[in-house]
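Novice: kindly return the folded structure for what I paste below:
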Amino acid sequence: MSDFSVFVNFKTYKEASGENSLNLAKICLKFSEEGFSVIPVVQALDLYRVTSQIKKPVWVQHFDDVLPGKFTGWITPEAVKESGGEGALLNHSEHPLPPGTVKHLVSKARQNGLKTMVCVKTLGQLKRLVKFKPDFLGYEISEFIGTATSITEVSPKSVAKAVKICGEIPLIVGAGINKKEDLVKAKELGARGVLISSAVVLAENQEQKLRELLSALSEEN
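Specialist: Residues are numbered from 1 along each chain as shown. Here you go, the predicted structure:
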């Protein structure tokens, strides 16, 4: 089951901020202990709160292209590592970066022992950024993010093309992932995981919703 990863992006939702971030991370941990690969992606402010109690991989949503020193208000990769983070999203459509910055941050992450997922919203962008060789590439068509319209339903051909472009780099798909059939389809198309957010974070029962989604993976085994 662990060959397919589920990244849960907490974003800045109040339902996944502060003490709520720890509660949701503990739900992710519960499923990790059952053999699934479920990775919470938290705000930088909540990182240490979570990693101090969760001894499984925890990622952050971003870090900056700065060194330790005179950079008030920025987030260094060194601080992410020191706070227990194991990886970071880069270039999410809600936090885009210039290609040169993405390249530099992937390199800095590697130097600090951090993994990266570089997010893209078009196949053209994917072709340009795949050469930076992050640990994962995340493909999300931005207009479907936060909706009930799944990328795997409306654009399966583009997902299949993205898998080919990525080559040996695992492709993670997101945007509108909200039901177990979306995970099944993503896997059938060759993706190695999904990036989900509101479907879980805003669910009335977060644990129940995540279990429902993950049942797609257990049913295949």
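
Novice: so who does Leu126 touch?
Specialist: The contact partners of Leu126, by C-beta atoms under 8 Å, 6 or more residues apart in numbering, come to 120, 137, 139, 162, 165-166. From N, CA and C alone the C-beta is placed, and that goes for glycine too.

Novice: what's the answer for Ala203, then?
Specialist: Taking C-beta under 8 Å, 6+ apart, one finds 209-210 in contact with Ala203.

Novice: and it, how close does it get to Leu210?
Specialist: Going from Ala203 to Leu210 by C-beta to C-beta, to the nearest Å gives 8 Å.

Novice: what's the answer for Arg110, then?
Specialist: Distance from Arg110 to Leu210, by C-beta to C-beta: 30 Å.

Novice: just the terminal-to-terminal distance for stretch 109-118.
Specialist: By C-alpha to C-alpha, to the nearest Å, the extent of stretch 109-118 from end to end equals 12 Å.

Novice: quick check: mean pLDDT across it?
Specialist: Averaging pLDDT along stretch 109-118 yields 98.

Novice: distance from it to the middle of the chain?
Specialist: With C-alpha atoms, centre = their mean, to the nearest Å as the basis, stretch 109-118 stands 13 Å off its chain's centre.

Novice: give the buried residues for it.
Specialist: By neighbour count with 16 or more other C-beta atoms under 10 Å, stretch 109-118 contains the buried residues 109, 112, 114-118.

Novice: let me know the closest of the residues you listed to Gly35.
Specialist: Set against Gly35, the nearest of these by C-beta to C-beta is Lys115 (20.3 Å).

Novice: what's the burial count for the residue lying closest to that closest one once chain neighbours are set aside?
Specialist: Nearest residue to Lys115 in three dimensions, chain neighbours excluded: Gly87, at 3.5 Å (C-beta to C-beta, 6 or more residues apart in numbering). Residues lying near Gly87 (other C-beta atoms under 10 Å) number 22.

Novice: local confidence estimate at Gly87?
Specialist: 98.

Novice: can you find the helix or strand in the chain with the smallest mean pLDDT?
Specialist: Scoring the helices and strands of the chain by mean pLDDT, DSSP states H and E places helix 151-154 at the bottom, with a mean of 91.

Novice: other SSEs contacting that helix?
Specialist: On a contact count with 3 or more C-beta pairs under 8 Å, 6 or more residues apart in numbering; DSSP states H and E, helix 151-154 meets helix 156-166, strand 171-174, helix 180-188.
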